[in-house]
Each structure stands twice: as C-alpha cells, then as structure tokens.
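> Pasting the sequence and the predicted coordinates here, then a few questions.
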Amino acid sequence: MFVPYSECDVEDFIENEMAARIADNEKFRDFVNALTAWGDFLERFFYLNDTYFWDRETHEWNPEFRKHFDNETEAWLYADKIFKMNVENYFAGYPEYSKAYIEYVLRCDEENVPFGDDFYEFVAKKMIEDGEIKIDWEKVM
C-alpha cells in the first residue's frame, strides 16, 4: 500500500484505506445489511451487558433475559429500548447513521437499503478499531 509522504499518522491512514476497501466488499455489505439477529451485524445490538436477548438454538427469548418481565409485551418494549440505545451508542457522534439504521431495521426491508459508502466505511473503521477486523501490520507495512 502506498502511503503519501505528507501523512503523519501512517497507521491511521492505513486503517482508513483498509476501511474503505472493506466497505466496498459485497460480502461485508451483506453482513451489515442482514436483518438476522444471529451471527450478523445486527446481533451486537441485542445485548444487555453480557446477556443476549434470544436463545441461539431455539430462537426464543433467552430465559435469563425473559425472567425479568411479567409478560412478553414488557420484554419486547424493553428489548426495543435497549436495541435503540445500543445503536445510538455504537454510532455516537453520527446521529444520522443511528437514525437510518434503526429505521432500516424496523422497516425490515433488505431490498431498500438506505446506506451510503460513508456509512459502511464508518462501520468497517469501527470494527477495525474494536479489533473485530484484524490488520496484519507485518504484511501491510
């Protein structure tokens, strides 16, 4: 990878370039756009502390989560509140991204994806920063 001489922070420049390349990848975009809560990008927003809302095998409520509510409506309302809070925290500083993502998920229409390249680059960069996507610095430098 060519790094312009004018770049002072080489690692940041490389992270941004890698994020842009990852963001263009169709499989990455499919991962982000998927409206399944098991194994795709959406899953990360259905946790409260370390408790995932659903049982991965039965796709029913996780008993550890569900036991805190008297009825299913209460569980759904709380899950919705936590989902929105988690999305807003993930996209902190970018309210337009959190708003677009929440609306997309609630609309539940994978055919009409409202995200631009900048959205995918943000997600890719965040995943690099969070260590979810690893950069092999020995191969890059």
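That came in fine, so what should we check first?
> Give me the neighbour count for the closest residue to Phe45 other than its chain neighbours.
Distances taken as C-beta to C-beta, 6 or more residues apart in numbering put Asn86 closest to Phe45, at 4.2 Å, once the chain neighbours are dropped. No exception for glycine: its C-beta is placed from N, CA and C like everyone else's. For Asn86, the neighbour count with other C-beta atoms under 10 Å is 16.
> Helix, strand, or coil at Asn86?
helix (DSSP: H, G, I helix; E, B strand; the rest coil).
> ok, it touching Tyr47?
Yes. Taking contacts as C-beta atoms under 8 Å, Asn86 lies within contact range of Tyr47: 7.0 Å.
> quick one on the thing from earlier: OK, contacts around the residue nearest to Phe45?
By C-beta atoms under 8 Å, 6 or more residues apart in numbering, the residues touching Asn86 are 44-47.
> can you do 10 Å?
44-48, 98 (C-beta atoms under 10 Å, 6 or more residues apart in numbering).
> Just the buried residues of these.
Applying 16 or more other C-beta atoms under 10 Å to the contacts of Asn86, the neighbour count classes 45-46, 48, 98 as buried.
> So which residue is smack in the middle of this structure?
With distances taken as C-alpha atoms, centre = their mean, Phe41 lies nearest the centre of the chain, 4.5 Å away.
> Which pLDDT value does the model give that one?
What the model reports for Phe41 is a pLDDT of 95.
> so it makes contact with Met127?
Yes. Using C-beta atoms under 10 Å, Phe41 makes contact with Met127 at a distance of 8.9 Å.
> Could you say which helix or strand holds Ile128?
Assigned by DSSP states H and E, Ile128 falls within helix 117-129.
> Mean confidence (pLDDT) on that helix, please.
Here helix 117-129 scores 96 as its mean pLDDT.
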